[in-house]
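Student: make a model of this:
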Amino acid sequence: MDVLQHYNLTRFMNYVPRIKKATGEWYIVEVSLIKQANHNAAYIAMKLRDYFDTHEGVIFICNSQSVLVLAHMGKDISKESISDGVHKNLPRHNCTTRIEDMTLDGLIKIQVRLEEIEQNNKAQPDKPLFQTRQKRRENIVMIVDDDMFMRSLVNKTFMAKNRIVEFKSTDGVLESYLEHLPDIVFLDIHLPDGSGIVLLSDILRFDDTAHVVIMSSDSVINNIVDCKELGAKNFIAKPFTLAQLESSYRKCSTINA
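Tutor: Below you'll find the model as predicted:
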C-alpha cells in the first residue's frame, strides 16, 4: 500500500484504470481528526497502512487533519469488516471515519476533491508536520543508537532545554516519531535489529520535512551518499566532538532557543 504525503495527479491517475476494471472490489476510506486529537494525520496514515498493507491501493495524507484511502479489498470482504479492522487500528476518540463503496461517480468526485487540496497546498507551501513543530514551544530530540554512551551524551548535552526520546533499536521508532514529531533525530546506521538507512527511509515516507542527522563509525562514501540522497540533513562520523553535535542541533530550523 503506497503512502503519499501530497496529492499527485499522475500517481492518482495510475490507479484509475485498475479501479475501473473492478469497481465493486474497491473501497473509499476517509478519516478526519477531531480538533482535540492527540495525534496527527501522518500517525493515522501509518496506522491505516498497518491494516491495509497487504492490499493494493494508496493512502493520501491530504493535510494535517485528514487521510484518504483507496483500497482494493476484493469480493469477499464486507464494509462492516473493513470498518471493524480500521477502528481496531486507529486510536480511540481521536477521529471520525467514513467508508464507502467505490463507484465511477465517486472516483470523479475524489479526483476533483484532491485537485482542490493540491491547489490549497500550493497556496500554503509550509507542510503540516513542519508547521506543528515550528509552532510548538517544547523542543523534542530523538536519539536512536544502541551505544549507551552515545545516548547518554545526547541526553547530557540537550536535556536542559529539550525533551529527549531515546531508543536503542529500531523497534517502535517510527510510531514514536509520528506520535512525538521530534525536531531532530540523531540516528545510527547499524542497529541490532535493523538498518538506520531503512529507518530513515521509513520516516521520510511519512514526513519529508524530518530533520535527521546520521551518526556512524561506518563513514564510507556510499553510506554518506545514500543517506544524503534519501534526505538526511547531515552525517556525523564517530567519534565526533561535542561541537559537531551542537552544530547539527543548531541547524535545525524548528528548534526554539
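
Student: contacts, neighbours, all on C-alpha from now
Tutor: OK.

Student: now the helix or strand of the chain with the lowest mean pLDDT, how far from the centre of its chain.
Tutor: When each helix and strand of the chain is scored by mean pLDDT, DSSP states H and E, helix 221-230 comes last, with a mean of 75. Centre-to-centre, helix 221-230 and its host chain are 20 Å apart (C-alpha atoms, centre = their mean, to the nearest Å).

Student: A helix includes A37, no?
Tutor: No. Using DSSP: H, G, I helix; E, B strand; the rest coil, the assignment for A37 is coil, not a helix.

Student: pull the number of nearby residues for the closest residue to T254 other than its chain neighbours.
Tutor: Using C-alpha to C-alpha, 6 or more residues apart in numbering and skipping residues adjacent in sequence, the residue nearest T254 is Q134, 4.8 Å away. If you count neighbours by other C-alpha atoms under 10 Å, Q134 ends up with 16.

Student: the helix or strand containing Q134: what's the following helix or strand?
Tutor: Q134 belongs to helix 128-135 when assigned by DSSP states H and E. Counting by DSSP H and E, the next helix or strand C-terminal to helix 128-135 is strand 140-144.

Student: contacting residues around the residue nearest the centre of the chain?
Tutor: Central residue of the chain (C-alpha atoms, centre = their mean): F206, 2.3 Å from the mean position. Contact partners of F206, counting by C-alpha atoms under 8 Å, 6 or more residues apart in numbering, are V3, L4, Q5, A42, M46.

Student: most neighbours, which of those residues?
Tutor: The residue in the contacts of F206 with the most neighbours, by other C-alpha under 10 Å, is A42 (30 neighbours).

Student: contacts for the helix or strand that contains that one?
Tutor: Per DSSP H and E: A42 is located in helix 41-52. Contact with helix 41-52 is made by 1, 3, 33, 59-61, 63-67, 71, 85-86, 89-90, 175, 178-179, 206-207, as judged by C-alpha under 8 Å, 6+ apart.

Student: what is the mean pLDDT for that helix?
Tutor: Mean pLDDT, helix 41-52: 90.

Student: next, the buried residues of that helix.
Tutor: For helix 41-52, burial by neighbour count (16 or more other C-alpha atoms under 10 Å) applies to A41, A42, Y43, I44, A45, M46, K47, L48, R49, Y51, F52.

Student: tell me the one of those nearest P192?
Tutor: Comparing the buried residues of helix 41-52 against P192 with C-alpha to C-alpha places M46 closest, at 23.3 Å.

Student: how near is the closest one to Q244?
Tutor: Noted for M46: a distance of 33 Å to Q244, by C-alpha to C-alpha, to the nearest Å.

Student: for the longest helix seen in the chain, name the packing helices and strands.
Tutor: Criterion DSSP state H: the longest helix present in the chain is helix 104-123. Packing partners of helix 104-123 (3 or more C-alpha pairs under 8 Å, 6 or more residues apart in numbering; DSSP states H and E): helix 9-21.

Student: which stretches of this protein have low pLDDT?
Tutor: Within the chain, the stretches with pLDDT under 70 are 6-8, 118, 120-126, 219-221, 223, 257.

Student: chain neighbours aside, what residue packs nearest to M102?
Tutor: Spatially, and ignoring its direct neighbours in sequence, M102 is nearest to Y27 (4.9 Å; C-alpha to C-alpha, 6+ apart).

Student: confirm that the one you found sits in a strand.
Tutor: Yes. Counting by three-state DSSP, Y27 falls inside a strand.
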